[in-house]
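Colleague: curious how this folds, go ahead:
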Amino acid sequence: MFDVILVLPYPFSDHPSFPEGILKRALETAGFSVGVIAAPFWQEKKSFTVLGRPALFFAVVSGPLDSVVLNYTASRRRRREDLYQFAGQAFFADRPPDIKFKIRPDRTLTVFSNRLREVYRDTPVVIGGVEAGLRCFAHYDFQENGIRRSILLDSRADILVHGSGEKQIVAIARLLRAGQHISTIDIPGTARIWRQLPAEKNCLELPASEAVLADPSQLLRSQLVIGRAAGACRVLAQKTANRWVVQNPVQTYTGADLDFIYGLPYRRRHAGADEYTPALQMNLFSITAHRGCAGGCAFCSISVSEGKRIVSRSPDSILSEIASLAAHPRWQGVVSDIGGATAEMYGADCADENCIRTSCLQARPCRRFAPGEPYLNLLKRCREIRGVQKIFLGSGVRYDLLLNNPALLEDILRHHCGRFLRIAPEHSEDEVLDLMGKPRFAVLEEFVALFRRLNRRLKRPIELAPYWLIGHPGESMAHVEALKQKARALGLPTRDAQIFTPAPGTLSTAMYVAGQSPSGKPLAVEKDVRLLQQRKSILTGD
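Modeller: Numbers count the residues shown, from 1 in each chain. Model prediction:
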């Protein structure tokens, strides 16, 4: 009998870029045995009984992305591939390509948890990961085009783990082993159902689920309260009928915590398989240097899943991990990435844990936020490691930060780029950029000028490859036409564009549903997929 059984909708990866790899290693290092049920045939209950009942609990994770966001395009078309499966095959073998036979079902956590409840009614179920965090409270589901209540209620799970989760899952295992009942576990970085609002927690109350369902503007109000609560370390609560979803503040992680977890002996392989999924292959030799993103972009879920605070590993920890890659049979001296959500934020850790800002950069940069030099020094040291032939940057970079760190930009262009430097300006129109929480267009113009000055010094010129976002709340057709003209005037390509996806749990999605800006101003929101495709075609020329 295993102490804990992980259940996930794709092959297990013993790799620190995948949540299941980190969770399993953390639990085993703490002295717990861990079994894995990977990609169960979820239509049949017996697929969840192959390892029997765990001594402590089941832990269900859906992966690094929300399952609905992963399963559908922004045009609401069902994806026919899943890069986390072998050969990218999204459907069970020898089954038709029907949603009933997709390996990763929509709302994976809800489906898997309910299956477990059917066969092991009294065994604790813990859910976690990105999908759990984004859907902790009443949220918009774009595949259903409607509001859903908390995933804790729909999944019937006992505890929801949000944010980084390895410290919480180990704490839960220790408490259960010590004899504490699952219904009484109440630790940071978790949420659970309460019958009554716990007065002693001084909760910030969100609009009730029923209120959000009746009035779309209440979703926006709720999202704004969630953003404020994160900085203030407040407990959040939302009522649904006669029950309360109560979410504790995030679990604090330190650089030492990250050094420990990333220093464990990951094999960077799938369990019991010689082949690699496309996702593992892409991340095989990637290195996580830090967690968190201080940008606070309104449409991004990273601040929900990792938090705003940057937590960085020590340089020695990162150097040691890179040196260990030489033992892997596929190692050829190429590191695909050293970074995080935004690579050059490495080392910009802030000691103020009670900062109430939702972004360190917008509307004006915080004077305590000083990225750039630590990452430059780290890259220089990593290039000196014996056996390292090349280090690429697969993480995103913020061009507004590089604008203030020209030495880092030049170093990246000289040593860490292929043909392109990928940036994400998203748009050209300031009123749209303000809603997105992105830098204004004048910042992009200034960056492009700096980039071209530096580029002229290189033996091998680099091209800029910008990403553009179409259909964000507040955008009009006139904005798209202006974007095309301004991008062309700057000599920037417009071929890499995507339509805004209203992912659960983000401020942009709340604006999309409410038709309002955070200040309450009415917003134009285009929801017709055909018209959004027209906007994209105008920009890309397709």
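Colleague: mind listing the strands for the stretch 351-500 of the chain?
Modeller: 390-391, 420-426, 463-470, 497-499 (DSSP state E, counting those that start in this stretch).
Colleague: of these, which is nearest K486?
Modeller: K486 sits nearest to strand 420-426 of all the strands of the stretch 351-500 of the chain, at 10.0 Å, using CB to CB. Just so you know, the C-beta spots here come from the backbone N, C-alpha and C atoms, and that holds for glycine as well.
Colleague: mind checking the SS state of the closest residue to A514 other than its chain neighbours?
Modeller: Spatial nearest neighbour of A514, chain neighbours left out: L220 (4.0 Å); criterion: CB to CB, 6 or more residues apart in numbering. Under DSSP: H, G, I helix; E, B strand; the rest coil, the three-state class of L220 is helix.
Colleague: correct me, but L220 touches M511?
Modeller: Yes. At 6.3 Å, L220 and M511 qualify as touching, with contact defined as CB atoms under 8 Å.
Colleague: any common contacting residues for these two?
Modeller: In terms of CB atoms under 8 Å, 6 or more residues apart in numbering, L220 and M511 are both contacted by the residues P518.
Colleague: would you map the strands across the stretch 201-350 of the chain?
Modeller: So, for the stretch 201-350 of the chain - with DSSP E, counting those that start in this stretch - the strands run 204-205, 236-240, 243-247, 269-270, 286-288, 290-291, 311-312, 334-335, 337-339.
Colleague: what's the most buried one of those strands?
Modeller: Mean neighbours per residue, mean count of other CB atoms under 10 Å, is largest over the strands of the stretch 201-350 of the chain for strand 290-291, with a mean of 26.
Colleague: output the contacting helices and strands for that strand.
Modeller: strand 311-312 (3 or more CB pairs under 8 Å, 6 or more residues apart in numbering; DSSP states H and E).
Colleague: adjacent strands (with direction) for the strand it packs on?
Modeller: According to DSSP bridges, strand 311-312 forms sheet pairs with strand 290-291 (antiparallel).
Colleague: tell me which of the strands of the stretch 351-500 of the chain sits nearest to N283.
Modeller: Nearest to N283, of the strands of the stretch 351-500 of the chain and by CB to CB, is strand 390-391 at 14.6 Å.
Colleague: chain center to that closest one: distance?
Modeller: With CA atoms, centre = their mean, to the nearest Å as the basis, strand 390-391 stands 25 Å off its chain's centre.
Colleague: what does stretch 435-446 give?
Modeller: For stretch 435-446, the distance to the chain centre is 23 Å (CA atoms, centre = their mean).
Colleague: who's in contact with that stretch?
Modeller: Contacts of stretch 435-446 (CB under 8 Å, 6+ apart): 295-299, 359, 361-362, 399-400, 403, 425-430, 433-434, 469, 472-474, 486, 490, 507-508, 511, 517, 523.
Colleague: from those residues, list the buried ones, please.
Modeller: Restricting the contacts of stretch 435-446 to buried positions leaves 295-299, 359, 361-362, 399-400, 403, 425-429, 433-434, 469, 472-474, 486, 490, 507-508, 511, 517, 523, with burial counted as 16 or more other CB atoms under 10 Å.
Colleague: sort out for me which of those are in helices.
Modeller: In helices, judged by DSSP state H, the following of those are found: 399-400, 403, 433-434, 486, 507-508, 511.
Colleague: need the max-distance pair from those residues.
Modeller: L403 and M511, at 27.5 Å, using CB to CB across these.
Colleague: if I look at D158, how far off is S67?
Modeller: From D158 across to S67, the span is 20 Å (CB to CB, to the nearest Å).
Colleague: one more: K486?
Modeller: Remark: distance between K486 and S67 (CB to CB) = 36 Å.
Colleague: ok so, going back, minimum distance to G347: which of the strands of the stretch 201-350 of the chain has it?
Modeller: Nearest to G347, of all these, is strand 311-312, at 5.2 Å by CB to CB.
Colleague: chain center to the closest one: distance?
Modeller: Distance of strand 311-312 from its chain centroid, counting by CA atoms, centre = their mean, is 16 Å.
Colleague: I'd like the average pLDDT over it.
Modeller: Across strand 311-312, pLDDT averages out at 96.
Colleague: same question, stretch 360-377
Modeller: 90.
Colleague: first-to-last residue distance for that stretch?
Modeller: For stretch 360-377, the separation between the terminal residues is 22 Å (CA to CA, to the nearest Å).
Colleague: and the gap between the closest residue to F137 other than its chain neighbours and N405?
Modeller: Spatially, and ignoring its direct neighbours in sequence, F137 is nearest to Q238 (4.9 Å; CB to CB, 6+ apart). Going from Q238 to N405 by CB to CB gives 41 Å.
Colleague: P216 now?
Modeller: 41 Å.
Colleague: more crowded one of these two?
Modeller: N405 (19 against 16; other CB atoms under 10 Å).
Colleague: hmm, that one is touching G372, no?
Modeller: Yes. With contact defined as CB under 8 Å, N405 and G372 form a contacting pair (3.5 Å).
Colleague: between those two, what contacts are shared?
Modeller: E344.
Colleague: low-confidence ranges, the stretch 201-350 of the chain, go.
Modeller: Nowhere does the stretch 201-350 of the chain drop to pLDDT under 70.
Colleague: show me where it has helices.
Modeller: Under the criterion DSSP state H, counting those that start in this stretch, the stretch 201-350 of the chain contains helices at 209-214, 217-232, 255-262, 278-283, 302-305, 315-324.
Colleague: of all those, which one is nearest H290?
Modeller: Judging the helices of the stretch 201-350 of the chain by CB to CB, what sits closest to H290 is helix 255-262, at 7.5 Å.
Colleague: pull out the buried positions in that closest one.
Modeller: Quick answer for helix 255-262 (16+ other CB under 10 Å): 255, 257-259, 261-262.
Colleague: of the residues you listed, just say which sits nearest to Q332.
Modeller: Nearest to Q332 out of the buried residues of helix 255-262 is Y262 (CB to CB; 21.7 Å).
Colleague: which residues touch that closest one?
Modeller: 16, 288, 313, 317, 321.
Colleague: do I have it right that the last one meets I261?
Modeller: No. The pair formed by E321 and I261 falls short of the contact definition of CB under 8 Å, at 11.1 Å.
Colleague: and the contacts of the helix or strand L160 falls within?
Modeller: Element membership for L160 (DSSP states H and E) is strand 159-161. Here strand 159-161 makes contact (CB under 8 Å, 6+ apart) with 124, 126-129, 132-133, 136, 151-152, 168-169, 172, 182, 185, 189-192, 247.
Colleague: per-residue confidence averaged over that strand?
Modeller: Mean predicted confidence for strand 159-161 is 98.
Colleague: domain parsing of the protein, as residue ranges.
Modeller: Per automatic domain parsing, the structural domains of the chain span 4-197+239-247, 255-540.
Colleague: same question for stretch 480-494, mean pLDDT?
Modeller: 97.
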